[in-house]
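> give me a 3D structure for the following:
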Amino acid sequence: MQAAEHSERTLFVALSAILVGVGVLMVHSASITARPTEFEQVYLSRHLVFLGLGLAAALIAAQIPGSVWQRWAPWLFVATVVLLMLVLVPGIGTRVKGAQRWFRIGPISVQPSEIAKVTLPILVAALVQMHRARLMSFWRGILPVTWPVLVLVPLVILQPDMGTSLFLLLSATIVLAVGGWPVRNFLLGAAATLPALVYLVVNKPYQLRRVTGFLSTWSDWNQAPYQLRQSLLTLGSGGVWGVGPGKGYQKLSFLPEANTDFVFAVVGEELGFVGAASVLLLWTGLYICGLRLLSRLPRTSFEFHAGFALLTQLIVQVILNVGVVTAMVPPKGIPHPLLSYGGSNLVMTLVTLGMVLGLTRSRPHLALSETSGPESRDGAVGPDEAAGRIAA
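Numbering: from 1, shown residues only. Modelled structure (predicted):
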């Protein structure tokens, strides 16, 4: 058993390392412009700096047990809320293209909403453990586990960042689903969320244009948004084997956001269908390997809930990014984890991978709960444990 776990952990790290390597290659290649300057080297050097910081943070995260993350979750969430509030303050947060989402310190930018992708799911997972006895209740099982979403998501919407807001909602939904939240509560949540979503889209002209433009891509090519047209052209021009690393021409001022949100299109052009499919296979292998590591944990534990949510939301982010690049979902600023240029996303992706390794590490108290069940030391079963059995 230990040998199999060690092999799976090694494979998990190896697949992550390969994706990191592909990311370094593609960030440098996709940053080349029609008039090459020293700025391309700046992109690469910044990426490598954030990569070093992210690897150091991931190593630390991999050593922290789940009990510590569970205890720290409320304080990490409070820190995230404070950062999201500060970034909205004029003169503190930096406004770029109409959105105020970043702190800028010299050449370095930090995006607090990327931190929220980690702190929100672990807090919701901790609350599910804390309120497991009332989780099945019709009213008492809603607000105690959803209040972090009600606090965090409006702050992200104010930036404005609709894509990240929906992603955070999805992240919390994953935790609640694996935690055994009743289906009726999800239906109530959808009934409350969908009208608000429609209102936000209809009353924001640029959001509505994204939706109508996306629909035009498949009905009237001439009316399709320029970005989506260039993305599909970039993907298609690579053929089966690609034109070769660094030799793509669509990134030369034709494809917008070539080194960030649309880097997967550059992968398709330079590495071809084989390269793009290989990247997706690497992510698939990473997810399967992570799920095998998580399968050794008790299904009602904080470690399982948090680890499953963190790993799954990472893969969902990959799917959404590829969906945008291939015009399968409306365009939105969703970076490709490990491949897109961007310091905050890179660091938090590596921290997420480190946390998954730390949460899935074999620990005596988890092994005991898995073999002996939720009984207490004197043989009695408490209300939290009984509710956990029902939810499981």
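> do I have it right that Ile32 meets Gln250?
No: the criterion here is C-beta atoms under 8 Å, and Ile32 misses it with Gln250 at 11.2 Å. From N, CA and C alone the C-beta is placed, and that goes for glycine too.
> ok, the two, which is more surrounded?
Gln250 (24 against 20; other C-beta atoms under 10 Å).
> let me see the contact set for that one.
Applying C-beta atoms under 8 Å, 6 or more residues apart in numbering, one finds that Gln250 lies in contact with Gln230, Leu233, Thr234, Ser237, Ala258, Ala265, Val266, Glu269.
> and if we set it to 10 Å?
When contacts are counted by C-beta atoms under 10 Å, 6 or more residues apart in numbering, Gln250 touches 30, 230-231, 233-238, 243, 258, 262, 265-266, 268-270.
> narrow the residues you listed to those that are buried.
Applying 16 or more other C-beta atoms under 10 Å to those, the neighbour count classes 30, 230-231, 234-235, 237-238, 243, 258, 262, 265-266, 268-270 as buried.
> relative to Pro148, which of those is nearest.
Phe262 (31.7 Å; C-beta to C-beta).
> distance of the closest one from Leu232?
Counting by C-beta to C-beta, to the nearest Å, the gap from Phe262 to Leu232 is 11 Å.
> joint contacts of these two?
Val325.
> just to revisit the earlier point, just give me the closest of the buried ones among the contacts of Gln250 to Asn222.
Gln230 (14.1 Å).
> which residues does that closest one contact?
With contact set as C-beta under 10 Å, 6+ apart, Gln230 has these partners: Ala224, Gln250, Lys251, Phe254, Leu255, Pro256, Glu257, Ala258, Phe262, Ala265.
> enumerate every residue touching the third one.
Going back to what we said before, that points to Lys251. 29-34, 230, 234, 258-259, 262-263, 265-266, 269-270.
> equivalent analysis for the first one, please.
The contact partners of Ala224, by C-beta under 10 Å, 6+ apart, come to Gly213, Phe214, Leu215, Ser216, Thr217, Trp218, Gln230, Ser231, Leu232, Ala327.
> rerun at 8 Å
Contacts of Ala224 by C-beta under 8 Å, 6+ apart are Gly213, Ser216, Thr217, Ala327.
> and the longest strand that the chain contains, what's its mean pLDDT?
Across the chain, the longest stretch assigned as strand under DSSP state E is strand 99-105. Mean pLDDT, strand 99-105: 83.
> for that strand, packing partners?
strand 94-96, strand 108-110, helix 112-130 (3 or more C-beta pairs under 8 Å, 6 or more residues apart in numbering; DSSP states H and E).
> winner for burial among these?
Greatest average neighbour count among those goes to helix 112-130 (a mean of 24), per mean count of other C-beta atoms under 10 Å.
> report the rounded mean pLDDT for it.
Taken as a whole, helix 112-130 has a mean pLDDT of 95.
> okay, the angle between it and strand 99-105?
For helix 112-130 against strand 99-105, the angle by axes from the mean of the first three to the mean of the last three C-alpha atoms, to 10 degrees is 100 degrees.
> how far off centre is the next helix or strand after helix 112-130?
Downstream of helix 112-130, the first helix or strand assigned by DSSP states H and E is helix 143-157. Remark: helix 143-157 is offset 17 Å from the chain centroid, using C-alpha atoms, centre = their mean, to the nearest Å.
> spatially central residue for the protein, please.
Leu314 (4.1 Å; C-alpha atoms, centre = their mean).
> can you confirm it is in a helix?
Yes: membership of Leu314 in a helix is supported by DSSP: H, G, I helix; E, B strand; the rest coil.
> touching, it and Thr349? I think so.
Yes: at 6.7 Å, Leu314 and Thr349 qualify as touching, with contact defined as C-beta under 8 Å.
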